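# Test case, fold it:
(one chain, ligands or ions: 2)
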Amino acid sequence: MVEPANTVGIPVNHMPQLKDELDIVIPTIRNLDFLEMWRPFLQPYHLIIVQDGDPSKTIAVPEGFDYELYNRNDINRILGPKASCISFKDSACRCFGYMVSKKKYIFTIDDDCFVAKDPSGKAVNALEQHIKNLLCPSSPFFFNTLYDPYREGADFVRGYPFSLREGVSTAVSHGLWLNIPDYDAPTQLVKPKERNTRYVDAVMTIPKGTLFPMCGMNLAFDRELIGPAMYFGLMGDGQPIGRYDDMWAGWCIKVICDHLSLGVKTGLPYIYHSKASNPFVNLKKEYKGIFWQEEIIPFFQNVKLSKEAVTVQQCYIELSKMVKEKLSSLDPYFDKLADAMVTWIEAWDELNPPATAATAKA
Ligand SMILES: O=c1ccn([C@@H]2O[C@H](COP(=O)(O)OP(=O)(O)O[C@H]3O[C@@H](CO)[C@H](O)[C@H]3O)[C@@H](O)[C@H]2O)c(=O)[nH]1
Ligand SMILES: [Mn+2]
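Numbers count the residues shown, from 1 in each chain. Ligands and ions are numbered 1, 2, ... in the order given. Next comes the predicted model:
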């Protein structure tokens, strides 16, 4: 039986790592009582809450947290017509939080994710582990069979090329989930009672050239290295697909990380995922994605970005052109998505103008 950790009594760490360089982005349609359990680990950090759905609803944020909250009216006011690229009535809206943040790092978590216990019964500080993952290099060019070589008590194994041991910068840290696993609707329907009780004590770099299904519920990334590619697509209200927001972003960031020699890690930390969303509702949202992805995956596997694409924005714009050219025949949705990818970059650059010499000096 897997249970969340009891964090009552764990003192808040008032000097946590990257306190002023990291924002926590939470998409929500609920209240945020779940933060009580995270208080010892997250209270010192700034939250960016993206309130989805009815903007007239008031979201209760527990006392003592430092936060900014954006609802749909705010998104429309800030982005104007470009707000069309931000999904409505889908957790994909969280990417607006990535765009408005001014920090180097982002940790995003769902409001039904609680603190997990490790096998010794200790409460897992997921954010601390994500920071560890992001601050140490990745090894995408050659697989280390003893997993994370930079971890205390591990190293590169015999036969690992010394020329590759410096590794590359880590752009993304993808965490996992105890209890309710992130299964697609068909799997959820077939295995409604399945719970993930297996805590695998490992962090791995996802090898270059390999795609992966990125889940957005327990995810951290270096916003300066890969932020502009973390667009969660057009999902939810008015769109033919849902629950492929994080998947789309994961495929885009992975081909760009491979191109720019950046690392993507998966494994620790675990969170405790408490709520299974309705599998029938999920099936309706997912079903087009389930057959579209049989074409989308080969598309991403064959993406070749040009050597002129040296920034994330340039890579992303190139990618949007390939989406328009090669996926629009699959469904007109991809034509719209390709345009939204461009709008996203325009909005990103508007809110995050490149530092000029003057501003850089100030
Ligand atoms: O319309 C909505 C629905 C939900 N949210 C917020 O988004 C997260 C995730 O919602 P929930 O936990 O109910 O759904 P899951 O199926 O468990 O989420 C997983 O599916 C992924 C695909 O979207 C998602 O990223 C995964 O985590 C909660 O915080 C809700 O409050 C929303 O903003 N708008
Ligand atoms: Mn959930």
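# From residue 215, how far out is residue 337?
From residue 337 across to residue 215, the span is 20 Å (C-beta to C-beta, to the nearest Å). Bear in mind the C-beta positions are built from the backbone N, C-alpha and C, glycine included.
# Of these two, which one has the most company?
Remark: of residue 337 and residue 215, residue 337 carries more neighbours, 23 against 19, as counted by other C-beta atoms under 10 Å.
# how about the closest residue to ligand 1 within the stretch 51-200 of the chain, phi and psi?
Nearest to ligand 1 in the stretch 51-200 of the chain, going by C-beta to the nearest ligand atom, is residue 91, at a distance of 3.0 Å. Backbone torsions for residue 91, taken as degrees, to the nearest 10, come to phi -60, psi -10.
# go on, residue 27?
phi -80, psi 140.
# Please name the bridge partners of it.
Bridge pairing for residue 27 (DSSP bridges) gives the partners residue 50.
# and it, what is it in contact with?
50, 52, 91-94, 97, 108, 110-111 (C-beta atoms under 8 Å, 6 or more residues apart in numbering).
# go again using 6 Å as the cut-off
Residues in contact with residue 27 (C-beta atoms under 6 Å, 6 or more residues apart in numbering) are 50, 52, 91, 93-94.
# Then residue 30?
residue 111.
# Doesn't it lie inside a strand?
No. Residue 30 is assigned coil when assessed by DSSP: H, G, I helix; E, B strand; the rest coil, not a strand.
# Give me the distance between it and residue 163.
Taking C-beta to C-beta, one finds residue 30 at 50 Å from residue 163.
# likewise residue 270?
34 Å.
# more neighbours, those two?
Between residue 270 and residue 163, counting by other C-beta under 10 Å, residue 270 is the more crowded of the two (26 against 8).
# Bridged to that one, which residues?
residue 176.
# What sits closest to the residue in the stretch 1-150 of the chain positioned nearest to ligand 2 if chain neighbours are left out?
Across the stretch 1-150 of the chain, the shortest distance to ligand 2 (C-beta to the ion) belongs to residue 112, at 4.2 Å. Spatial nearest neighbour of residue 112, chain neighbours left out: residue 275 (4.0 Å); criterion: C-beta to C-beta, 6 or more residues apart in numbering.
# Just give the number of residues close to the residue of the stretch 51-200 of the chain closest to ligand 1.
26.
# Once you drop chain neighbours, what's closest to it?
Using C-beta to C-beta, 6+ apart, the closest residue to residue 91 is residue 27 (4.6 Å).
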